[in-house]
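Engineer: Quick one, fold the following:
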Amino acid sequence: MKQGEIIMYQPDEKLSPNREMETSIASLILEIRGQQVMLDRDLAMLYGVETKALNQAVKRNIERFPDDFMFQITKEECSRSRIVTLNKGRGQNLKYMPYAFTENGIAMLSGVLKSSAAVEMNIRIMRTFTDMRRLVSHNYQLLQRIELVEHQQIEIAQHQTVSDRKMDEIFALINAKSVTPKEGIFYDGQIFDAYAFASELIKSARQRIVLIDNYIDESVLLMLAKRNEGVTAEIVTRQTNGTLALDIDRHNRQYPPITIRESPRYHDRFLIVDDIVYHIGASLKDLGKKLFAFSKMEIMTTDIGL
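Structural biologist: Numbers count the residues shown, from 1 in each chain. Got it, this is the predicted structure:
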C-alpha cells in the first residue's frame, strides 16, 4: 500500500448478517496510514451531534487523544480519497481537514461525550471494529496460504527445470559414451551381452546393413528385424539350403524384406553398418557361446568387394 493511501472497507455480511447498523458503520471505516479509522463527521452523524460540537469536546479533553488515538488528515490524503467527493455531493466545501479517530480514540469519545446514546453507539462501533479485525486477519491468513502455495509451485517448477536439465545432461553423456568401441572380446557365456552388442550395431544403421556370414539361421533374421525403418538388409553367405530359403520367405512376408545372395569368396564374418566394416570372430547365431573378438576395420567397403 502506498504512503497516505486510503482504503474503503466493505463489510462481509457473513460476519454479522443480522446487524444492519454494524453493516452501515463498517462502510464508514477507512484505512489511512496503515490504521483503521473513522472520520469526525461520520462519528458525529452516528452520535447525533454536530461535527463542530464533537471536535470542541475533544479539544477540551485533548490530553486524552494522543497521536495514536486521533490525527488530522492532510490535503494530499483527502485528494486521494472519497472524502472530497462526499462533501461536494452535499454541496459543501472542506473548510478544514477532517480528523481521523482510531479504535482507541473512538473508545475514548464515549467518555468525553458523556451520553447514553454515545455509549450505545460506541458499543456498536467497537463490535464493528472487532468484525473488521477478524476479516482482515482471515484475509491475511488466506493471503499467506496463497503465497505459500505459489512459493511451493515456483520451487517445484524450478526443481523440475533443474531435474530436466540434469536428465538432458545425463542422456547427452549416455549418447556420447554410447559410441561403439573399435575392438573387444566377449568371453564364453556372455551370450546376452554379445547379442545386445550386435543388436545395437544393427539399430545404429541409417541406410544399410550387410552381413557376411556362412552360418545363418532364424535367430539372425530376428536380429536383423531390429533395424530401423527404411534400412535395407542383405545377407551374403556361401550357400543357401531349403530351410534357410523357407525361413527368409516367411520372414519377408511379415517384415521388411532381407535379400540374400551366395558368394564362396568369404571365410570370415563381417558386418557392414552403412559404410563401417566390423570384423566379427563368430557367426551371429553363435555369439557368446565361445570366446570371440571383434574389431572395427579402417577400410572401405569396396576393399571387401561391397
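Engineer: which SS state does the residue of the chain positioned farthest from its centre fall under?
Structural biologist: Largest separation from the mean C-alpha position in the chain: Pro264, at 64.2 Å (C-alpha atoms, centre = their mean). Secondary structure state of Pro264, per DSSP: H, G, I helix; E, B strand; the rest coil, is coil.
Engineer: repeat for His267
Structural biologist: Under three-state DSSP, the three-state class of His267 is coil.
Engineer: Ramachandran coordinates for the nearest residue to the residue farthest from the centre of the chain once chain neighbours are set aside?
Structural biologist: Excluding the flanking residues, the one nearest Pro264 by C-beta to C-beta, 6 or more residues apart in numbering is Arg238, at 5.4 Å. Where you see a C-beta, it was placed from the backbone N, CA and C, and this is true even at glycine. Torsion angles at Arg238 (phi, psi; degrees, to the nearest 10) stand at phi -60, psi -50.
Engineer: can you check Lys285 too?
Structural biologist: Torsion angles, degrees, to the nearest 10, at Lys285: phi -70, psi -20.
Engineer: cool, and Asn104?
Structural biologist: With angles defined as degrees, to the nearest 10, Asn104 sits at phi -70, psi -40.
Engineer: Check Glu183 too.
Structural biologist: Per degrees, to the nearest 10, the backbone of Glu183 is at phi -160, psi 160.
Engineer: okay but it is in contact with Ser295, surely?
Structural biologist: Yes: assessed by C-beta atoms under 8 Å, Glu183 is found in contact with Ser295 at 4.0 Å.
Engineer: More neighbours: the two, which one.
Structural biologist: Between Glu183 and Ser295, counted using other C-beta atoms under 10 Å, Ser295 has the larger neighbour count: 14 against 11.
Engineer: sorry, back to before: kindly state the pLDDT recorded for the residue farthest from the centre of the chain?
Structural biologist: Pro264 is assigned 89 on the pLDDT scale.
Engineer: how far does stretch 273-290 sit from the chain's center?
Structural biologist: Chain-centre distance of stretch 273-290: 49 Å, with C-alpha atoms, centre = their mean, to the nearest Å.
Engineer: residues touching the residue nearest to Gln35 when sequence neighbours are not counted, list them.
Structural biologist: With sequence-adjacent residues excluded and distances taken as C-beta to C-beta, 6+ apart, Gln35 is closest to Thr102, at 5.4 Å. Counting by C-beta atoms under 8 Å, 6 or more residues apart in numbering, Thr102 touches 35-37, 68-70.
Engineer: hmm, try it at 10 Å
Structural biologist: When contacts are counted by C-beta atoms under 10 Å, 6 or more residues apart in numbering, Thr102 is found next to 32-33, 35-38, 65-71, 108, 129.
Engineer: So, low pLDDT: which residues of the stretch 101-250 of the chain?
Structural biologist: Counting by pLDDT under 70, the ranges of the stretch 101-250 of the chain that qualify are 115, 135-144, 146, 149-150, 157, 159-160, 162-164, 166-181.
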